[in-house]
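>>> the following block contains a protein sequence and its predicted model.
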There are 4 protein chains.
Amino acid sequence: MENQNLKTYPINELPHYKVHGRTVPGASPLPLFFNGSAIEVNVSGTELWIELTVDYAVFEPWITCEINGELISRQMLLPGHYTLCLFRGMSPEPVKNVKVTRELQAMSEDPSCCILVNGMKADGAFSPVPPKKYALEFVGDSITSGEGTYGAREDMDWIPMYMSYSRGYARTVADTLDADAYMISQGGWGVLCGWDNNPRSNIPSRYEKLCGLSCGEANEKAGAFAPYDFTGRSIDAVIVNLGTNDASAFDQPAWHDPATGETFCQRRNADGSYNEEDLARFQRAVVDFLKMLRRDNPQAHIVWCYGMLGYDLSLPIADAVNQYRSETADRDVMFLQLPATTDETFGSRCHPGEPSHTRAARLLIEYLRGCLH
Amino acid sequence: MENQNLKTYPINELPHYKVHGRTVPGASPLPLFFNGSAIEVNVSGTELWIELTVDYAVFEPWITCEINGELISRQMLLPGHYTLCLFRGMSPEPVKNVKVTRELQAMSEDPSCCILVNGMKADGAFSPVPPKKYALEFVGDSITSGEGTYGAREDMDWIPMYMSYSRGYARTVADTLDADAYMISQGGWGVLCGWDNNPRSNIPSRYEKLCGLSCGEANEKAGAFAPYDFTGRSIDAVIVNLGTNDASAFDQPAWHDPATGETFCQRRNADGSYNEEDLARFQRAVVDFLKMLRRDNPQAHIVWCYGMLGYDLSLPIADAVNQYRSETADRDVMFLQLPATTDETFGSRCHPGEPSHTRAARLLIEYLRGCLH
Amino acid sequence: MENQNLKTYPINELPHYKVHGRTVPGASPLPLFFNGSAIEVNVSGTELWIELTVDYAVFEPWITCEINGELISRQMLLPGHYTLCLFRGMSPEPVKNVKVTRELQAMSEDPSCCILVNGMKADGAFSPVPPKKYALEFVGDSITSGEGTYGAREDMDWIPMYMSYSRGYARTVADTLDADAYMISQGGWGVLCGWDNNPRSNIPSRYEKLCGLSCGEANEKAGAFAPYDFTGRSIDAVIVNLGTNDASAFDQPAWHDPATGETFCQRRNADGSYNEEDLARFQRAVVDFLKMLRRDNPQAHIVWCYGMLGYDLSLPIADAVNQYRSETADRDVMFLQLPATTDETFGSRCHPGEPSHTRAARLLIEYLRGCLH
Amino acid sequence: MENQNLKTYPINELPHYKVHGRTVPGASPLPLFFNGSAIEVNVSGTELWIELTVDYAVFEPWITCEINGELISRQMLLPGHYTLCLFRGMSPEPVKNVKVTRELQAMSEDPSCCILVNGMKADGAFSPVPPKKYALEFVGDSITSGEGTYGAREDMDWIPMYMSYSRGYARTVADTLDADAYMISQGGWGVLCGWDNNPRSNIPSRYEKLCGLSCGEANEKAGAFAPYDFTGRSIDAVIVNLGTNDASAFDQPAWHDPATGETFCQRRNADGSYNEEDLARFQRAVVDFLKMLRRDNPQAHIVWCYGMLGYDLSLPIADAVNQYRSETADRDVMFLQLPATTDETFGSRCHPGEPSHTRAARLLIEYLRGCLH
């Protein structure tokens, strides 16, 4: 009953495979750092296995497996070193396209959390996986990490089970446009500060590392904290979806670091309007991040989208985009409002559900079709 | 066979009726100036007729008739003085709600174009028509005039047949939110100038007249050019949908008035970007119009929406709205991007078709639900 | 302002036109007997008018006008002799396809009810209107007459306003399959008897006349009562949608004709089941009608569909179709269940609304695609 | 990091749990015999595990896990004895509803294939799981086994991965109607014979055993082959969806058993019609199965549905239902045609995809709403 024809391939002996998301070229084992990070193969044969090393302290990672472009499985990964069967019993000749994708965002709060792909076992032959027509990078917060895309409306726990790449807008956009997706997103984070006014929870400070959103030794060893080599890829469009947590910060108490005494707060005026200075530093953060994105992705169209959890900072963000354009004369930057999630389209955790992501994706797809050539 | 029980009511003897859209209180005959302008009655009896006087030189008006909230008929009006049957053969007791609505925008280019309601004939009793929960004003161009909402994709004539209130986003928004709608829109017009750089084709210059978009003696006599008495109504939200023709102007040759020698042109720079001065005067027009709207509608939430035919001026409009907010400290103004019409959602005349209007309406409905109380 | 180039064409001088539905070839004036009966032209020029003679005693006819395949207008016809403008102000060169269609079924209860097309006025040239790929005949009752496809849910009057060809399943099926439609349907009628047990209200007794469903002198003069020449057409599929009123009859008191003393009743047994004899005569009527349909349409696929207002007679009808097949060895006959209308899909008069018709149409379209070649 | 509070409960010590599908009351370990067979618990605490024993020779079983009614995971089960984590990291107080469901049908061709639930590990408290409002039994073939509901259009392998309960019509019907579902279905089987004329592949011969569709020692030991005690449940409606493979048989060569010399074949006449004798024995099988179903489920409404993969046997089945009704005077039996799957709604393996199942489910839901009280 055991399949005697299975051959084991360590990653560095796999004849052909494709890595999705930011990665260290040639890394073996292969870390899957981000939501959307994936290994994809074209392989013949009757059976395919993947060999993983998985760890975490608090937040267990989840993966999906797609075969010939269709989602077949989604499951929690337990810690340890083991192999998972991806398919079996198939006709040997046809080449199957298989993609194993990390569902869970890089976890900035769990130093142990990591998935390493050690290799594969197969009884068929591997063939090359071509790149897609376009390359897109999605930069965001919990929305882009797919929080709320799984789970029931009443589910409120902040746990990996409810986060996904598989039901988020980024996947739909990338798949529909025949694009490879790079993801970098973190729940609770902003451009200037996090939802709780924590000024360290800002994406720009981590954007230029390979995976600055992860932490811990295992990830460090895998290369996560090295400067990312932006010259190794050519992004057609960067889609930023940030600002939602920066808006929340205005309604939260000041953040205080007992260790350093440091404190940070985005304030409202007595009449409820945003404090001008605080708004200005938020907008400055937007402008500065746009400059960074442009520096790192010189050829990319940049679109800042916003709105899926409310339009509060729409006008200030548009203003900052205008400011950036006039400071730089860079016109390849746009602001796109995404439809706010409604009672009918919420998922779990008061976050956008799948229908809200689908709607946002449609708007982005339509928009990007006009930009990409 | 003739119904002997029909009684004729001149408008000023109709016991109860409701007028939709800007009107002269108590006018008899009753002019229907705008798309969306309507007479609505609640009436019992078996039969109802409307007595009209209709005229035009070039562009014939169209009307719809709704019974109990459902569209029953849509037809072209021939010139002359005549009666039309709205229903017949119905059970006498139930009260029927009947609304006859002008489909065609006020025609700034046809001095003869007008619909006058002289009265009704009925064999039942009229009862009051209550106001809706909210009152909304929609200010716009051809999109708001419903150009393209009827007709086949290949139809390109600029004729009344293809324009409507019945399939436009404004009707859907108003009906869904239980709101009365005031309409003021003109195809080809802008905030600063028309699609062809004609600086007279700007809505603000006509906004404060009762119906500054019409022309000719008949409309003058009906009161169209008088200053509109804004104190006679209380609008909950003003929805502006302008900028599309201002964007076109940048791509058109200069407008030239042979009579006065006057000339006008919105220019692009050599690199394709908008000329800064010209963009600034467009933005100034937006700011000034917002001030006018606020003066005339002190209690209204104002939302400037834009995008159904392209996002070209999204950022400049958002900028202008920001400018207005900082000049006035008025925060009850918002910018809302509407989804651009796509290949799949175009109607006739390269204009948004019904599915595009439906989509825009959904976004506005969701947005306004958060503003109206 | 008057268009001096308009030329008047009596029907028999119209160079090209197409008649939809059963008709008398070459008739002038041209009667539109049935719902779905229409005159269609391809014409260039700026303007087109139709000249009508309309009459009725109780039930006024309605028409629609489609231009280039899109519904543009729907209106009630007042009695008299007059012309209606179908379009005006269009670019002269393009050929426009224009179709004027009767909405109202032939009215077996109104001897005066008729629409006669006397001719057209145009300033362009007429060109031939080709036949569609297929020809379908739809035979039915109120469902096929589109009762309830217009009007509000609470509207219960039996009046023409609520009946239509434009929103019925037959139109959708025919348009989608690129087919010409022949209609013959009457509200309240059945295969054996009407909803009220009236045995004269049966479609088979009228099927072989040109328009046996109309009455009165005007229709007689127009040729309605002559035997229909089935050799003049070749139907690809006959879609019968009957049985709904035959089912109702079982729940109604006996019908009694005071003039002749004749009486008729479909009975239930004490336990609520159908009386076997009465059911058998219903089934015999189905079998006999199938034989008639086959005789008159030797090459047609016949599909008996049923269910939009309940499945009560599904099994007896299927049984009768089986009986017909075994009696005749004719296998080109099928039974198709259509989805019952639900709370969400009712229109006015407790009849299928547009969504129910759309759903039925989809099923028929899919089914017929497998039959037509 | 290990959760010290986890307590292990063998099945027979679990304070509260609910088993879905036919089962042996009190069995420990608990076998999940059928697609749709499931264990459901209501439990508080932060973490929950399930302890399984899984085996198979060829066809590996798959499961899904739903939490609070939402699908969270779907995965292949490897052989062995192990525990799977169902959730972790949740807030301790709220009671979570957790359901682990077998996706794969009972495998009549794999004697080793089985899932046994040995118990659970939890750090919270179990509370009762109430029965649903209704109980339904679904009897069918590959359609009811959800073949084709996962996988890409081009996937043609007959493997467990592409079969499911989670995307089949039965789940949608049961969940929407608030009903518990009993499933008994087998790909390739019929009422009289299988798709290949194998007369042993008939569902009636196995219906009265607990799980006559499984085989092998492990299943026997678990009680699968014992007569099923129908008195232990009260089904509100039995939904039969059989006939599709009986129709295929008419187009296949004769089945031949080399061991016994036995042969079987459903034949067509020279003109393509069904051989009358063979059709009659098919219809007799339908009638006999209806009698069995009535005997075993005296209070149930029975609906025989058919059509998702073609209408070929619609009329013969309806005929047989009629025959059954006249033989028994049992009127609580109906025939319901389900929409044939179209090019747009196929899934993998030329079987109905999820949209086709959804459409069938809608029809069944609407129909059953009228039957259930």
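Okay, I see it.

>>> in which helix or strand would I find the closest residue to chain C within the stretch 201-350 of chain A?
Relative to chain C, the nearest point of the stretch 201-350 of chain A is residue A:344 (16.4 Å; C-beta to the nearest C-beta). Every C-beta, even on glycine, is put in place using the N, C-alpha and C of the backbone. Using DSSP states H and E, residue A:344 sits in no helix or strand.

>>> now do the contacts for the closest residue to residue A:330 other than its chain neighbours.
Excluding the flanking residues, the one nearest residue A:330 by C-beta to C-beta, 6 or more residues apart in numbering or on different chains is residue A:294, at 5.9 Å. When contacts are counted by C-beta atoms under 8 Å, 6 or more residues apart in numbering or on different chains, residue A:294 is found next to A:300, A:302, A:328, A:330, A:333.

>>> which SS state does residue A:294 fall under?
At residue A:294 the chain is in helix, as set by DSSP: H, G, I helix; E, B strand; the rest coil.

>>> show me which residues of stretch A:361-372 are buried.
A:361, A:362, A:363, A:364, A:365, A:366, A:367, A:368 (16 or more other C-beta atoms under 10 Å in any protein chain shown).

>>> wait, I meant stretch A:285-300
Going by 16+ other C-beta under 10 Å, stretch A:285-300 has these buried residues: A:285, A:286, A:287, A:289, A:290, A:293, A:294, A:296, A:297, A:300.

>>> same question for it, mean pLDDT?
What stretch A:285-300 shows for mean pLDDT is 98.

>>> how about that stretch as CSV, C-alpha atoms only?
Provided in CSV are the C-alpha atoms of stretch A:285-300 (Å, rounded to 0.1, in the frame of the first residue of the first chain):
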residue,chain,number,x,y,z
ALA,A,285,4.2,59.9,7.5
VAL,A,286,2.1,59.2,4.4
VAL,A,287,4.3,61.5,2.2
ASP,A,288,7.5,59.9,3.5
PHE,A,289,6.2,56.4,3.0
LEU,A,290,5.3,57.3,-0.6
LYS,A,291,8.8,58.5,-1.1
MET,A,292,10.2,55.3,0.3
LEU,A,293,7.9,53.2,-1.9
ARG,A,294,8.9,55.1,-5.0
ARG,A,295,12.6,54.8,-4.2
ASP,A,296,12.3,51.0,-3.7
ASN,A,297,9.9,50.5,-6.6
PRO,A,298,10.9,53.0,-9.2
GLN,A,299,8.8,51.6,-12.0
ALA,A,300,5.6,50.8,-10.0
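
>>> contacting residues around the closest residue to chain B within the stretch 51-200 of chain A?
Relative to chain B, the nearest point of the stretch 51-200 of chain A is residue A:176 (13.0 Å; C-beta to the nearest C-beta). Taking C-beta under 8 Å, 6+ apart, we find residue A:176 in contact with A:361, A:365.

>>> give me the number of residues near the residue nearest to residue A:54 when sequence neighbours are not counted?
Excluding its sequence neighbours, the residue lying closest to residue A:54 (C-beta to C-beta, 6+ apart) is residue A:77, at 4.5 Å. Residue A:77: 21 surrounding residues under other C-beta atoms under 10 Å in any protein chain shown.

>>> residue A:77 is in contact with residue A:61, isn't it?
Yes. Between residue A:77 and residue A:61 there is a contact under C-beta atoms under 8 Å: 5.1 Å.

>>> shared neighbours of these two, anything?
In contact with both residue A:77 and residue A:61: A:54, A:115, using C-beta under 8 Å, 6+ apart.

>>> helix/strand/coil for the residue of the stretch 101-250 of chain A found nearest chain D?
In the stretch 101-250 of chain A, the residue that lies nearest chain D is residue A:152 (3.8 Å; C-beta to the nearest C-beta). What three-state DSSP gives for residue A:152 is coil.

>>> thought it was touching residue D:69?
Yes. Counting by C-beta under 8 Å, residue D:69 is a contact partner of residue A:152 at 5.7 Å.

>>> tell me which of those two has more neighbours.
Using other C-beta under 10 Å, the more surrounded residue of residue A:152 and residue D:69 is residue A:152, with 17 against 12.

>>> which residue, neighbours along the chain excluded, lies closest to that one?
Closest to residue A:152 by C-beta to C-beta, 6+ apart is residue D:68, at 3.8 Å.
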